[in-house]
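In: okay, predicted coordinates and the sequence, questions at the end:
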Amino acid sequence: MLQGGIMTQSELSRTLESVFEKYPNLCVVGGAFGDEGKGKIAALLSHYYDVVARFAGGSNAGHTYFTSDGKKMVSHLIPCGLAAGKTCVIGRGVLVNLESLLGELDAAAQILGPIPAKAVLVDQQSVVWTPYHPILEAYFEQVRGAGMIKTTGQGIGPMAGLHRLRTGVLVGELFAGSSYCKERLKQLHDALWPLFSEMARRDLLRGINIPSADQVADGLLALAPKIRPMLSDTSFELCGRQKRGARILAEGAQSTGLDLSWGTYPFVSSTMSTAAGAALGLGLPPATFRHTLLVTKVLPTRVGAGPFPSEIWERESAEQFPKSHPELFRSGKPRAQYLKNVLVAVNAGSASNKDIARYFQVLGDERGATTGRGRSVGYLDLPWLRYAIRLNQPMALALTRFDMLSGLKRIPVVTEYLLNGQLVPAGQMPPSWELAYVKPLCESWPCWPDDISGCCQEDLLPQSARHFLTKLERELGVPILLVGTGPKHADIILRAGAAERLAA
Ligand code: GDP
């Protein structure tokens, strides 16, 4: 079926179905530092599952994807199965901002039409957001000074931290009677009050009035009626559905490099974002998600602070660039001319690292869906991926943004890290304070002149693009099943060899 000719959407669907029917429970996680396109891959695969369940992170995540009929969706808390009509579960491992959730549901309804009741389920024991959390987060960031993590500022870290201190308030507690709920919020308020008082004394509140526990309770209780239909014991629900034959797609947020323990601590998110977090965040037995698809972009990116060994240029500059040159981040002549000129310089070997980094940032529209901050771009980083593969043991990779290498003669690929003059063993990852000083060793890999954007057929890729993929597979020891060639739903290549092996 894959020999010659164009693979139609229905052929793609049939092949995906035949591959994924072997994997009734699948986990999709990111390999590097986020924004790899997990949303697009989860949305694509959601068609072959009954339930799509988020297990980690909070509304600090941002997935952008397109529906099969071309509608653009941006989700923060709701898993990417909504457009395919799948039940979307927000598991206990997710930190829930109810206002964001309701806003997201409204936005989704504008695009998809009315969302059926029970299309989205929220775990009754997920930690709930309060206005106290971002205030705390801002404070911790100020205290860190130059060591700032540069979080999204939504309060996700304090939600996770206070949960561990057994001081978090849970979504379901809003329904346990108004006086009980107020009492729980008073406990939270009182636990934090000494800190808030000290912040006020040191003039660190920046004009923010700390709301009373009653005010916070009233705000949350006002949202409660809209949340009630979604409230669920999601672990029990998922288990029951599984017994009745439901297939579950666990959708990761953030990524391996941002996992609280296994990422570049302290420059990480606050939950467990590797595949191991799926069972924990959804309350399913550890053996449930034996199969993982690792999503990684061919040019990794990073926002916020933290080590990024393959980074091409510097973070601050990347963050500001979209704001200082908005004309380059919308389609039109200035953008097209800019990309054309820099590409010539890149291929002539006369472009600086700053030019190269900016070229990729513009080409990939590398701006965060949650904050709009510019993302800093790095080269493909094999030592990091070997580490991510060791931790997640994926059955296959989904390599996104492959189209971004179009037109380049060659691209550096990081093959080893050197630390204090020694090669770092494959699969090992130095801690953050050392990772910041590793010297990445690069090889130059050939690219291709043709534009492969939107290509959906492996046979139609230039030979050097196919070689790139087989070489990468060999280096990593994991099959590359899916290759992204653009943001749209259909901009995807399903690789026949990998598909056959995985379907066998
Ligand atoms: P996530 O958080 O991992 O889901 O990733 P984001 O949604 O933050 O960012 C991924 C961005 O890349 C989105 O804007 C996608 O539309 C886009 N994208 C996904 N796959 C591809 C691809 O293969 N090529 C290109 N050019 N863009 C892609």
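Out: Structure received. Numbering: from 1, shown residues only.
In: so for the helix or strand hosting Trp433, what's the average pLDDT?
Out: Using DSSP states H and E, Trp433 sits within helix 432-435. For helix 432-435, the mean per-residue pLDDT is 96.
In: got a list of contacts for it?
Out: For helix 432-435, contacts defined as Cβ atoms under 8 Å, 6 or more residues apart in numbering pick out Thr264, Tyr265, Pro266, Phe267, Gly306, Pro307, Pro309, Leu419, Met429. The way it works is simple: take the backbone N, C-alpha and C, and place the C-beta from them, glycine included.
In: render the CA-only coordinates of it in CSV, please.
Out: The C-alpha atoms that make up helix 432-435 are tabulated as CSV, following Å, rounded to 0.1, in the frame of the first residue of the first chain:
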residue,chain,number,x,y,z
SER,A,432,22.0,21.1,35.9
TRP,A,433,25.0,22.8,37.6
GLU,A,434,27.3,20.6,35.4
LEU,A,435,25.1,20.4,32.3
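In: gap between it and the chain center?
Out: 23 Å (Cα atoms, centre = their mean, to the nearest Å).
In: next, the buried residues of that helix.
Out: Ser432, Leu435 (16 or more other Cβ atoms under 10 Å).
In: any of the contacts of helix 432-435 buried? List them.
Out: Buried among the contacts of helix 432-435 (16+ other Cβ under 10 Å): Thr264, Phe267, Gly306, Pro307, Pro309, Met429.
In: tell me the SS of the residue of the stretch 101-250 of the chain found nearest the ligand?
Out: Using Cβ to the nearest ligand atom, Thr152 is the residue of the stretch 101-250 of the chain that sits closest to the ligand, at 12.0 Å. Using DSSP: H, G, I helix; E, B strand; the rest coil, the structure places Thr152 in coil.
In: what do you get for Pro412?
Out: Taking three-state DSSP as the rule, one finds Pro412 in the strand state.
In: how is the spatially closest residue to it that is not a sequence neighbour assigned, secondary-structure-wise?
Out: Spatially, and ignoring its direct neighbours in sequence, Pro412 is nearest to Cys442 (4.1 Å; Cβ to Cβ, 6 or more residues apart in numbering). In three-state terms, and counting by three-state DSSP, Cys442 is strand.
In: tally of neighbours for Cys442?
Out: 16 (other Cβ atoms under 10 Å).
In: is it in contact with Tyr379, as I believe?
Out: Yes - shown here, Cys442 and Tyr379 form a contact pair, counting by Cβ atoms under 8 Å, at 6.8 Å.
In: what packs against the helix or strand harbouring Glu104?
Out: Element membership for Glu104, per DSSP H and E: helix 98-112. If you count contacts as 3 or more Cβ pairs under 8 Å, 6 or more residues apart in numbering; DSSP states H and E, helix 98-112 packs onto strand 72-75, strand 120-123, helix 213-227.
In: and that helix with helix 213-227, angle?
Out: Interaxial angle, helix 98-112 versus helix 213-227 (axes from the mean of the first three to the mean of the last three Cα atoms, to 10 degrees): 30 degrees.
In: helix 98-112: which residues count as buried?
Out: Buried positions in helix 98-112, judged by neighbour count with 16+ other Cβ under 10 Å: Leu98, Ser100, Leu101, Glu104, Leu105, Ala108.
In: so what touches it?
Out: 59, 67, 71-78, 82-83, 90, 115, 120, 122, 128-129, 171, 220, 223, 226-227.
In: can you pull out the strands in the stretch 201-350 of the chain?
Out: Taking DSSP state E, counting those that start in this stretch as the criterion, the stretch 201-350 of the chain contains strands spanning 231-232, 248-251, 291-297, 301-302.
In: what of the stretch 351-500 of the chain?
Out: Under DSSP E, counting those that start in this stretch, the stretch 351-500 of the chain gives strands at 376-377, 396-400, 410-419, 422-423, 439-446, 480-484, 492-494.
In: using JSON lines, lay out those strands together with distance to the ligand and mean pLDDT.
Out: Converted to JSON lines, the strands of the stretch 351-500 of the chain look like this (distance: least, Cβ to the nearest ligand atom, whole Å; pLDDT from 0 to 100):
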{"stretch": "strand 376-377", "distance to the ligand": "12", "mean pLDDT": "98"}
{"stretch": "strand 396-400", "distance to the ligand": "4", "mean pLDDT": "98"}
{"stretch": "strand 410-419", "distance to the ligand": "15", "mean pLDDT": "98"}
{"stretch": "strand 422-423", "distance to the ligand": "30", "mean pLDDT": "98"}
{"stretch": "strand 439-446", "distance to the ligand": "18", "mean pLDDT": "98"}
{"stretch": "strand 480-484", "distance to the ligand": "2", "mean pLDDT": "98"}
{"stretch": "strand 492-494", "distance to the ligand": "7", "mean pLDDT": "95"}
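In: the closest residue to Leu220 other than its chain neighbours: what secondary structure?
Out: In space, and not counting its chain neighbours, Leu220 is closest to Leu174: 5.5 Å by Cβ to Cβ, 6+ apart. Put simply, Leu174 is helix when judged by three-state DSSP.
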